[in-house]
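Peer 1: whatever this is, show me its structure:
(one chain, ligands or ions: 3)
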Amino acid sequence: MKAAVVNEFNQKLEIKDVPVPTLGYGEILVKIKACGVCHTDLHAAHGDWPVKPKLPLIPGHEGVGIIEEIAEGVTSLKVGDRVGIPWLYSACGECEYCLTGRETLCPDQLNSGYSIDGAYADYCKAPAQYVVKIPDHLDFAEVSPIFCAGVTTYKALKISDAKPGDWVAIYGIGGLGHVALQYAKAMGFNVIAVDIQDDKLQLASELGADLTINGFNVDPVQEIKDKVGGVQAAVSVAVTKKAFEQAYGSVKRGGTLVVVGLPNDELPIPIFDTVLNGVTVKGSIVGTRKDLQEAIDFAARGLVRTNIETQPLDSINDVFNRMEKGQINGRVVLTMS
Ligand code: NAD
Ligand code: ZN
Ligand code: ZN
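Peer 2: Residues are numbered from 1 along each chain as shown. Ligands and ions are numbered 1, 2, ... in the order given. Down below sits the predicted model:
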C-alpha cells in the first residue's frame, strides 16, 4: 500500500510502498478514505516534543474509512462499517484513569501516528474497542477533522466550566480553532476569535464568531477587557507562546485558561494575579471515546462544519510547508484513491 513516511526528523516525508498491516486479536483493518493534517503531525515530523515519536513513522490521527477486515475477537464491528481512528489508539483499560473515564490520561496509551503508525496511508489497523463509528450521512473528508480537532476543542470547552451566555475566547483560528468556535457557539457561549491573520478571522466571522480580534494589529488583552470586561474562559490552540500569555491575560476574575496548543515552550504565570483573581489554568488532551461520539453528534446535527481543502497523499510535504507558514485556512484533508 502507499504511505507517507517520516524516516528522519526535519526531512521530507517519503511516499513509498509499505506492507498492509497484519491484524492481531481484536483488531480491524480500515481502508482509509481521508485523513486530516493536524499541526501535531508537523510537530511529530520535526521531533518537536520532549517525548519523541517512533521512527520510521506513518503519521495521521484523523483517519476515517471503511472496515475491510476484522480479526478474531471483534464482536462490536463488522466489515463495511464506517469508522475513524483517533489519537487515542489504545489504553490499558485497567489503570485508575481508565477506570474513572479518564482514559486519555492512561500512562500506557498508544497514539496513532506517533507511537504507532497512523493513517497517512491506504490502510491502517486499530483495536476495535478504540475506534468510533461514523453516521452514514456524514462525508468522510468532512468528518475526518472531528476525530482530533473536533473532539479536542469540544472537550476543552466542556472542562472550561463556562456556562451558556458566558464570553469565551479562542486563540488561534486554525484547524482546531475554526471548529472550536462553532462548538462554543453551539454550547451557548458568546465567542471571541483571536488570530494574527485576517483571512482566518474572516472565516471565524462566517462561522459565527461574535467578535474577532487581530492580535498582530491590536493588543487582544486590552481589547477584550474594554469590550466585554474579560472572558470566563480562554482556550489557546495557537502554536506560539505569546498567544498563551495573551489568553491568560484575557481571563476575568474566577475564569479559566484551557491550554491545548503544544508549542515546546514555557508559560510563565504571575503568581499574585493568579491567586488574587482566582484564575484556573487547565491542560486538556484530546477526548475520550465518549467525548468523540458527542463531538461527532454535533457534526451529524449540522451544528459544526469543518472548512476543508482536500489534497492527495503525495502532496503532504507541500501541505506541511504551507502549515508552517500559516497558509492553511481550516484543515487540509488528505484523500486516498
Ligand atoms: P494550525 O496550524 O492549523 O493553527 C494554528 C493557528 O494559530 C493558525 O491559524 C495561526 O495563524 C494561529 N496563531 C499563530 N500565532 C498566533 C497568535 N500569536 N495569536 C493567535 N493565533 C495565532 O494548528 P492546529 O492543527 O489547529 O493545532 C494547533 C496546536 O494544537 C498544535 O500545537 C497541535 O499540536 C495542538 N493540538 C493539541 C491537542 C490536544 O489534545 N491538546 C490536539 C490536537 C492538536
Ligand atoms: Zn491532532
Ligand atoms: Zn489505563
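Peer 1: gap between the closest residue to ligand 1 within the stretch 101-250 of the chain and G165?
Peer 2: Residue of the stretch 101-250 of the chain nearest ligand 1, by CB to the nearest ligand atom: G174 (1.8 Å). No exception for glycine: its C-beta is placed from N, CA and C like everyone else's. From G174 across to G165, the span is 27 Å (CB to CB, to the nearest Å).
Peer 1: between the two, which one's more packed in?
Peer 2: Each of G174 and G165 has its neighbours counted (other CB atoms under 10 Å); G174 has more, 24 against 9.
Peer 1: quick check, the more buried one in contact with T40.
Peer 2: No - shown here, G174 and T40 do not form a contact pair, counting by CB atoms under 8 Å, at 11.6 Å.
Peer 1: any shared contact partners between the two?
Peer 2: Residues touching both G174 and T40 by CB atoms under 8 Å, 6 or more residues apart in numbering: none at all.
Peer 1: count of neighbours near the residue lying closest to C106 once chain neighbours are set aside?
Peer 2: Once flanking residues are discounted, C106 sits nearest to A91: 3.7 Å by CB to CB, 6 or more residues apart in numbering. Neighbourhood size, A91 [other CB under 10 Å]: 23.
Peer 1: quick one: contacts for A91?
Peer 2: Applying CB under 8 Å, 6+ apart, the residues near A91 are Y97, C98, E103, T104, C106, D108, Q109, Y130.
Peer 1: let me have those in CSV, extended by secondary structure and neighbour count.
Peer 2: Output for the contacts of A91, formatted as CSV (DSSP: H, G, I helix; E, B strand; the rest coil; neighbours: other CB atoms under 10 Å):
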residue, secondary structure, neighbour count
Y97, helix, 17
C98, helix, 19
E103, helix, 23
T104, helix, 23
C106, coil, 19
D108, coil, 12
Q109, coil, 20
Y130, helix, 20
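Peer 1: from the residues you listed, which two are the most distant?
Peer 2: Spatially, the most separated pair among those is Y97 and Y130, at 14.5 Å (CB to CB).
Peer 1: so G188 sits right up against P164, yeah?
Peer 2: Yes - here G188 reaches P164: they are 3.0 Å apart, a contact under CB under 8 Å.
Peer 1: in terms of neighbours, single out the busier of those two.
Peer 2: Taking neighbours as other CB under 10 Å, G188 and P164 compare with G188 leading, 11 against 8.
Peer 1: which SS class is the more buried one?
Peer 2: coil (DSSP: H, G, I helix; E, B strand; the rest coil).
Peer 1: I'd like the numbering to begin with 308 instead of 1 from here.
Peer 2: Sounds good: first residue 308 from here, last item G495.
Peer 1: how close does it sit to ligand 3?
Peer 2: 33 Å (CB to the ion, to the nearest Å).
Peer 1: list the contacts for that residue?
Peer 2: With CB under 8 Å, 6+ apart, G495 has these contacts: K470, P471, G472.
Peer 1: export those residues to JSON lines and append columns for distance to T595 and pLDDT.
Peer 2: Output for these, formatted as JSON lines (distance: CB to CB, whole Å; pLDDT from 0 to 100):
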{"residue": "K470", "distance to T595": "22", "pLDDT": "98"}
{"residue": "P471", "distance to T595": "23", "pLDDT": "98"}
{"residue": "G472", "distance to T595": "27", "pLDDT": "98"}
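Peer 1: closest one to ligand 3 out of the residues you listed, please.
Peer 2: The shortest approach to ligand 3 among the contacts of G495 belongs to K470, at 31.3 Å (CB to the ion).
Peer 1: what does this protein have sitting close to ligand 3?
Peer 2: Neighbours of ligand 3 within the chain, by CB under 5 Å from the ion: A398, C399, C402, C405, C413.
Peer 1: who's in contact with the residue in the stretch 358-507 of the chain positioned nearest to ligand 2?
Peer 2: Distances between the stretch 358-507 of the chain and ligand 2 by CB to the ion are smallest at C455, namely 3.2 Å. For C455, the contact set (CB under 8 Å, 6+ apart) comprises G343, C345, T347, H368, E369, P393, W394, L483, V593.
Peer 1: now it: phi and psi?
Peer 2: Backbone torsions of C455, given as degrees, to the nearest 10, read phi -130, psi -60.
Peer 1: hmm, back to that, need the contacts of A398 in CSV with pLDDT, can you?
Peer 2: Shown next, in CSV, are the contacts of A398 (pLDDT from 0 to 100):
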residue, pLDDT
Y404, 98
C405, 98
E410, 98
T411, 98
C413, 98
D415, 98
Q416, 98
Y437, 98
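Peer 1: quick one: the helices in the stretch 358-507 of the chain?
Peer 2: Applying DSSP state H, counting those that start in this stretch to the stretch 358-507 of the chain gives helices spanning 403-406, 447-450, 456-465, 482-493, 505-513.
Peer 1: elements contacting the second one?
Peer 2: For helix 447-450, the helices and strands in contact under the criterion 3 or more CB pairs under 8 Å, 6 or more residues apart in numbering; DSSP states H and E are strand 334-343, strand 370-377, helix 596-607, strand 615-619, strand 638-642.
Peer 1: go with 6 Å
Peer 2: Packed against helix 447-450 by the contact rule (3 or more CB pairs under 6 Å, 6 or more residues apart in numbering; DSSP states H and E) you find strand 334-343.
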